[in-house]
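Enquirer: any chance you can model this:
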Amino acid sequence: MSLTDQLVAIRRELHQYPEVAHEEFKTTESIRRWLTEAGIRILDFGLKTGVVAEVGEAEGGPIIALRADIDALPIEEETGLEFASKIPGRMHACGHDFHTASVLGAAYLLKQQEAELTGRVRFIFQPAEEKAEGAEIVLQSGALDGVSAIFGMHNKPDLPVGTVGIRPGPLMAGADGFIIEVEGLGTHAAVPENGNDPILAASHIVTALQSIVSRNVSSLQSAVVSVTRFHSGTAWNVVPDKAVLDGTIRTFEQGVRTRVLARFEEVVHGVAAAFGAKAELTWVKGPPAVHNDPALEELTVQAAKNAGLQVVLTDPSSAGEDFAYYQKQIPGFFVFMGTSGSREWHHPAFDLDEAALPLSAKLFAEWAKLAVSRFSHTAVGEG
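Expert: Numbering: from 1, shown residues only. Sure, this is the predicted structure:
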């Protein structure tokens, strides 16, 4: 069986049995089986789900990490594919099955070249990316201790197969979630003066929040503030006691993030107070921005060319990615792999062109080889 056929079979098996964050038990078992069958050693870092493996025997040489996320989403699949999800309400609607198969492919390629490596390559099959919790779990396990650099990829449906989107600096946004509970005083809708309408106060909060970006963020920078849910009331003739707002904030720069979050709190509490209501704000922790190390850009471009890929300068995405947590600890670079998809991430009809699988696997392998060589020379120079 060719590498391409092997990776397609792996991706399709993963696609049929998707598991959401922290429940990736069968996925973990399958990854371990495929690695073991290829003679690739598995490292024990005590992860509940997820796998860490390694090739290379060079003790004292650099360790380079390649990362794939393995979790799926709570979405009912609507692709009609013959290998569609067999698990109701679960789907690989973000392509993490593609990511996993790609890094497995890189592991297979690098295993064949193990004797040539002057360091080690560590493969991180990370759980719980969709909840932005898996990267921190991996870091806490110690799996990145001693690693010189880490590389990762996300499929990009709007880029054609054969291209890879590369951008130094900010690539994906920091993502903060929020829940606002506005407490008023319920009453009969016919006598609103006897209560304090939380819907009115919450509505003004929604409107005022839109001023944050337009009046507190430079036109040369960017931020997004979105209220995505508004819940209140139980009957047409009752003014309720409470209104609840949910939403998200997206930023690319830490200074902007700090300023927007501080202003957000001021607006929420200030507007609520102006209406005699009380607002309780709860932050839902998300990842910081994915920020690619410019020092790794040239290496990444060369790896892409070695893999036969066309390099394009990609636009940043306002989606979040917990790969950013790794970049807070060690140098890292993240790219977008063209997959010629017909739907965007998280759509129930999401799919991609599997012709990108061997290209992605080769990119990861080339990345690792170049990085091992570069950091081996760096270590010698520093010594």
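
Enquirer: tell me who's in contact with the nearest residue to Leu352 once chain neighbours are set aside.
Expert: Once flanking residues are discounted, Leu352 sits nearest to Thr339: 3.8 Å by CB to CB, 6 or more residues apart in numbering. Any C-beta I mention is one placed from the backbone N, CA and C, and that applies to glycine too. The contact partners of Thr339, taken as CB atoms under 8 Å, 6 or more residues apart in numbering, are 95, 98, 155-157, 159, 161, 352-353, 356.

Enquirer: low pLDDT regions in the stretch 251-383 of the chain?
Expert: 378-383 (pLDDT under 70).

Enquirer: so His22 makes contact with Lys48?
Expert: Yes. Using CB atoms under 8 Å, His22 is in contact with Lys48, at 7.2 Å.

Enquirer: now for these two: what residues contact both?
Expert: Pro127.

Enquirer: please enumerate the helices of the stretch 201-350 of the chain.
Expert: 211-216, 254-274, 297-306, 323-329 (DSSP state H, counting those that start in this stretch).

Enquirer: which one of these lies nearest to Arg32?
Expert: helix 323-329 (22.0 Å; CB to CB).

Enquirer: which strands and helices sit next to the closest one?
Expert: Secondary-structure packing of helix 323-329 (3 or more CB pairs under 8 Å, 6 or more residues apart in numbering; DSSP states H and E): strand 63-69, helix 134-141, strand 147-156, strand 290-292, strand 332-338.

Enquirer: any idea which helix or strand carries Leu35?
Expert: helix 25-37 (DSSP states H and E).

Enquirer: got the angle between that helix and strand 63-69?
Expert: Angle, helix 25-37 to strand 63-69, by axes from the mean of the first three to the mean of the last three CA atoms, to 10 degrees: 140 degrees.

Enquirer: packing partners for helix 25-37?
Expert: helix 3-16, strand 41-43, strand 51-55, helix 96-112, strand 120-126.

Enquirer: most packed of these?
Expert: Of all those, strand 120-126 carries the top mean neighbour count, a mean of 26, counting by mean count of other CB atoms under 10 Å.

Enquirer: residues near the nearest residue to Pro198 once chain neighbours are set aside, how many?
Expert: Nearest residue to Pro198, sequence neighbours excluded (CB to CB, 6+ apart): Gly184, at 3.4 Å. Counted with other CB atoms under 10 Å, the neighbours of Gly184 add up to 24.

Enquirer: so what's Gly184 up against?
Expert: 195-198, 201, 239-243, 275-277.

Enquirer: ok, so of these, who is nearest Ser318?
Expert: Once CB to CB is applied, the member of those that ends up nearest Ser318 is Ala243, at 26.5 Å.

Enquirer: quick one: contacts for the residue nearest to Gly46 when sequence neighbours are not counted?
Expert: Leaving aside its chain neighbours, Gly46 sits nearest to Ser141 (5.9 Å; criterion: CB to CB, 6+ apart). For Ser141, the contacting residues are 45-47, 52, by CB under 8 Å, 6+ apart.

Enquirer: switch to 7 Å and redo it
Expert: 45-47 (CB atoms under 7 Å, 6 or more residues apart in numbering).

Enquirer: before we move on, back to that, could I get the contacts of Thr339 in TSV, plus columns for distance to Leu313?
Expert: Converted to TSV, the contacts of Thr339 look like this (distance: CB to CB, whole Å):
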residue	distance to Leu313
Gly95	22
Phe98	23
Asn155	18
Lys156	13
Pro157	18
Leu159	11
Val161	18
Leu352	22
Asp353	22
Ala356	19
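
Enquirer: ok, those vs Val206, which is closest?
Expert: Pro157 (31.1 Å).

Enquirer: just to revisit the earlier point, tell me which of the helices and strands packed on helix 323-329 sits nearest to Ala175.
Expert: Of all the helices and strands packed on helix 323-329, strand 290-292 comes closest under CB to CB, at 10.3 Å.

Enquirer: name the helices or strands packed onto the closest one?
Expert: strand 169-172, helix 323-329, strand 332-338 (3 or more CB pairs under 7 Å, 6 or more residues apart in numbering; DSSP states H and E).

Enquirer: quick one, which of those gets closest to Glu59.
Expert: When those are ranked by proximity to Glu59 (CB to CB), helix 323-329 comes first, at 22.6 Å.
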